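Asker: For reference, the sequence and a predicted model appear below.
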Amino acid sequence: MSNNFPGEGDMLPDVAMEGADGSVVKPSDFRGQKLVVFFYPKDMTPGCTTENVEFSEAKDEFAAANTALLGVSKDSYERHEKFIAKHDLTVPLASDSEDGGLSDALGIWAEKKMYGKTFMGMVRTTYLIDAEGKIARVWNKVKVKGHVAEVLDAAKAL
């Protein structure tokens, strides 16, 4: 990550996104409690499905730690609605803007390579935000296995 992007100790940019129900969602909506914002590449893909299901399964444990959850990708809110329904997800999802969104402000909408092709995509990244809106912890290039438990431990410790 470049030093030009917010990191631990910085305020999370308060960029508006579209909720799965079409409403406006901003990080500041969660002030007064901790917040986990997890960015993932795409609805309906295996790793992203696993991550969303595991965060959904742990939602009550996060709530007990006074921690809200928010999943973010650049998928449309209509696609989010289908994803939520198909997998019984309980974590709220938000659609980041195609350009100039929160992931752009954080530097995690970036050039990726797969099978010799270069494209722009979401770098799977999780942010733990304190009750005042400051970034307390960042997990870059997340591997899904064991991730939710690690984030939950960090949220409880914060």
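Answerer: Structure's in. What do you need?

Asker: Low-confidence regions, this protein specifically.
Answerer: Residue ranges of the chain with pLDDT under 70: 1-3.

Asker: Just confirm Gly107 contacts Asp10, I think it does.
Answerer: No. Here Gly107 does not reach Asp10: they are 11.9 Å apart, not a contact under CB atoms under 8 Å. No exception for glycine: its C-beta is placed from N, CA and C like everyone else's.

Asker: Give me the more crowded residue out of those two.
Answerer: A direct count of neighbours by other CB atoms under 10 Å for Gly107 and Asp10 places Gly107 higher, at 16 against 13.

Asker: What is the burial count for the closest residue to that one other than its chain neighbours?
Answerer: Among residues not flanking Gly107 along the chain, Phe5 sits closest, at 3.6 Å (CB to CB, 6 or more residues apart in numbering). Neighbourhood size, Phe5 [other CB under 10 Å]: 14.

Asker: Can you give me every residue that contacts Phe5?
Answerer: The neighbours of Phe5, taking CB atoms under 8 Å, 6 or more residues apart in numbering as the test, are 105-107.

Asker: try it again with 10 Å
Answerer: 13, 104-108, 138 (CB atoms under 10 Å, 6 or more residues apart in numbering).

Asker: ditto for Tyr77
Answerer: Applying CB under 10 Å, 6+ apart, we find Tyr77 in contact with 17-23, 25, 93-95.

Asker: Farthest-apart pair in the contacts of Phe5, please.
Answerer: Pairwise distances across the contacts of Phe5 (CB to CB) peak at 16.1 Å, for the pair Asp104 and Val138.
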